[in-house]
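Asker: okay, predicted coordinates and the sequence, questions at the end:
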Amino acid sequence: MLNILQNGVLSGVVFPSVTLAAVLAVLISLVVPYLLGSINSAVLISRLFYGADIRTQGSGNGGLTNMLRVYGKKAALFVLLGDMLKTALSLLFVAIFYGFQYGKFAFACNSLLYVAGTFCIIGHIFPAYFKFKGGKGVLCTATMVLILSPIVFAVLFAVFLLLLVVTHYVSLSSITVGLLYPFALNRIMALFGIVSGGLIILLTVLIGLLIFYCHRENIVRLKERRENRFYFRKKK
């Protein structure tokens with residue numbers, strides 16, 4: 001089993017045509033992760049257990065933060081687990097076929113894994129099952145970074161926490177970390193003498209821009225000083 005995950009079941013397979021190999025790669029690394037990403041935990045849990053669509057409550061977002069504010073910690077925990085699971089499954093699905101090997105300093109080097117993670121995030125933001133209105137992709141992105149480049153995750157998570165403690169804005173912290181992701185990945189890999197592929201950088205830039213786009217209403221509220229603040233403990 002470990003050997004399959006390292007090398008992939010398609011390792012050494014000779015395809016009759018380049019077209020067939022390309023079509024298979026698209027199906028495995030784009031279509032399946034997108035469909036998995038479209039399974040929105042927040043929408044499903046809010047409908048099944050609370051009788052309402054989370055997208056009609058609170059900020060109108062189908063994601064973790066809105067679930068936490070509207071339905072509390074227990075509901076948010078299930079959303080957390082659901083979103084992390086679908087991201088991990090998207091990466092695992094690709095790994096089964098094409099392999100998952102860490103390079104130097106625990107950096108995943110298979111670009112198809114980044115493709116899968118990106119399309120899982122796109123599915124979360126624009127879910128096919130829920131009229132293309134989902135969450136903002138931050139948790140899915142965090143899970144992807146944690147699995148594919150743990151060192152980068154540690155750095156970005158530290159930045160996220162620092163900003164959150166100082167500003168109490170989840171949105172500002174998320175936007176900042178999302179935009180920093182491609183630069184952090186590129187620079188940290190360079191520090192360890194690893195050359196990052198152009199496709200990987202392109203995908204991480206796309207993720208950062210998607211997170212920025214999804215927070216456009218938050219940006220307006222931040223400018224007008226109407227954005228909700230987050231506190232680890234409720235203010236008395």
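Answerer: Looks like it arrived, so ask away.
Asker: secondary structure element for the closest residue in space to Lys86 that isn't next to it in sequence?
Answerer: Among residues not flanking Lys86 along the chain, Leu36 sits closest, at 4.8 Å (Cβ to Cβ, 6 or more residues apart in numbering). No exception for glycine: its C-beta is placed from N, CA and C like everyone else's. In the assignment (DSSP states H and E), Leu36 maps to helix 32-37.
Asker: helices or strands up against that helix?
Answerer: Judged by 3 or more Cβ pairs under 8 Å, 6 or more residues apart in numbering; DSSP states H and E, the packing partners of helix 32-37 are helix 73-98, helix 111-125.
Asker: right, and the ones you listed - which one's nearest Val165?
Answerer: helix 73-98 (19.2 Å; Cβ to Cβ).
Asker: what about that closest one, distance to the chain center?
Answerer: Put simply, helix 73-98 sits 9 Å off its chain's centre (Cα atoms, centre = their mean, to the nearest Å).
Asker: likewise stretch 118-134?
Answerer: On the basis of Cα atoms, centre = their mean, stretch 118-134 is displaced by 11 Å from the centre of the chain it belongs to.
Asker: same check, this time on stretch 36-55
Answerer: 18 Å.
Asker: CA atoms only for that stretch, dumped as CSV, please.
Answerer: Provided in CSV are the C-alpha atoms of stretch 36-55 (Å, rounded to 0.1, in the frame of the first residue of the first chain):
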residue,chain,number,x,y,z
LEU,A,36,-15.4,16.3,-4.1
GLY,A,37,-14.8,20.0,-3.3
SER,A,38,-18.4,20.8,-4.3
ILE,A,39,-19.6,18.8,-1.3
ASN,A,40,-20.2,21.7,1.0
SER,A,41,-20.2,20.6,4.6
ALA,A,42,-21.7,23.8,5.9
VAL,A,43,-24.7,23.7,3.6
LEU,A,44,-25.4,20.1,4.3
ILE,A,45,-25.1,20.3,8.1
SER,A,46,-27.1,23.5,8.3
ARG,A,47,-29.9,21.9,6.2
LEU,A,48,-29.9,18.5,7.9
PHE,A,49,-29.6,19.5,11.5
TYR,A,50,-30.8,23.1,11.7
GLY,A,51,-33.5,23.2,9.0
ALA,A,52,-32.0,26.2,7.2
ASP,A,53,-29.4,26.9,4.6
ILE,A,54,-26.3,28.6,6.2
ARG,A,55,-26.1,30.8,3.0
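Asker: contact partners of it?
Answerer: For stretch 36-55, contacts defined as Cβ atoms under 8 Å, 6 or more residues apart in numbering pick out 57, 61-64, 66-67, 70-71, 75, 78-79, 81-83, 86-87, 89-90, 93, 119-124, 126-130, 133-135, 140.
Asker: about what we covered before: out of the helices and strands packed on helix 32-37, which one sits most buried?
Answerer: Stretch with highest mean neighbour count among the helices and strands packed on helix 32-37: helix 111-125 (a mean of 26; mean count of other Cβ atoms under 10 Å).
Asker: same question for it, mean pLDDT?
Answerer: In this model, helix 111-125 has an average pLDDT of 95.
Asker: next, the angle from it to helix 73-98.
Answerer: 150 degrees (axes from the mean of the first three to the mean of the last three Cα atoms, to 10 degrees).
Asker: list the contacts of the helix or strand that comes right after helix 111-125.
Answerer: As assigned by DSSP H and E, the chain's next helix or strand after helix 111-125 is helix 138-148. Applying Cβ under 8 Å, 6+ apart, the external contacts of helix 138-148 come out as 37, 63-64, 80, 83-84, 86-88, 91, 107-108, 113-114, 117-118, 120-121, 124, 152-153, 156-157, 174, 178, 181, 207, 211.
Asker: thank you, goodbye.
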